[in-house]
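S.K.: Sequence first, predicted model second:
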Amino acid sequence: MGHPAGAPIEGTADSGDLEKLAVVLRLITNGGELDTLLRRLDSTLHVGYEEAARRLQIPEFWLRKRISSLPHRKMGKHVVFAEEDLRAISTMHAVRPAEKAHTANAMHDPAIATLTPSQRSRSRSRA
């Protein structure tokens with residue numbers, strides 16, 4: 001027959017899933033942005049290599065190989081990434097072609113034109 005009010009239904013979502021669903025529905029009805037939605041849905045403070053690589057859409061070995069030059073958190077021997085770290089990694093590798101054109105124009109700057117190369121021969125540095 002009926003189901004007692006408040007009793008869990010077997011095979012249904014837990015309260016965490018229902019909370020996430022409620023957030024999604026509120027954002028949809030309020031016209032929220034996808035980025036805001038994703039931040040609210042992901043309540044994990046730190047993520048490991050696998051999840052970080054998935055979010056950045058890069059191979060996991062790329063992160064592992066370059067970890068010494070990338071922002072990250074170290075919890076004992078465990079490497080984890082916070083949301084800020086992932087954003088910083090993405091920003092570090094942004095390519096903006098318009099800046100290259102600006103740099104090329106800087107080469108015509110009179111202050112740069114006064115620079116002269118060293119008199120030292122480069123052939124001595126090869127051994």
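M.R.: Good, I have the coordinates. In this text, all values refer to a predicted model and were calculated from it rather than measured experimentally.
S.K.: Roughly how far does the residue nearest to residue 44 when sequence neighbours are not counted sit from residue 93?
M.R.: Closest residue to residue 44 apart from its sequence neighbours, by Cβ to Cβ, 6 or more residues apart in numbering: residue 51 at 7.8 Å. Just so you know, the C-beta spots here come from the backbone N, C-alpha and C atoms, and that holds for glycine as well. With distances taken as Cβ to Cβ, to the nearest Å, residue 51 is found 18 Å from residue 93.
S.K.: Between these two, which has more neighbouring residues?
M.R.: A count of neighbours by other Cβ atoms under 10 Å puts residue 51 above the other of residue 51 and residue 93, at 16 against 10.
S.K.: what helix or strand does the more buried one sit in?
M.R.: Using DSSP states H and E, the element containing residue 51 is helix 49-56.
S.K.: Residue 87 versus the closest residue to residue 59 other than its chain neighbours, what's the distance?
M.R.: Excluding its sequence neighbours, the residue lying closest to residue 59 (Cβ to Cβ, 6+ apart) is residue 53, at 6.3 Å. Residue 53 sits 15 Å away from residue 87, going by Cβ to Cβ.
S.K.: neighbour count winner among the two?
M.R.: For residue 53 versus residue 87, the count of surrounding residues by other Cβ under 10 Å is larger for residue 53: 18 against 13.
S.K.: Quick check, that one in contact with residue 67.
M.R.: No - look at residue 53 against residue 67 with Cβ atoms under 8 Å: they stay out of range, at 11.6 Å.
S.K.: Quick check on residue 78: phi, psi?
M.R.: Dihedral angles phi and psi of residue 78 (degrees, to the nearest 10) take the values phi -90, psi 130.
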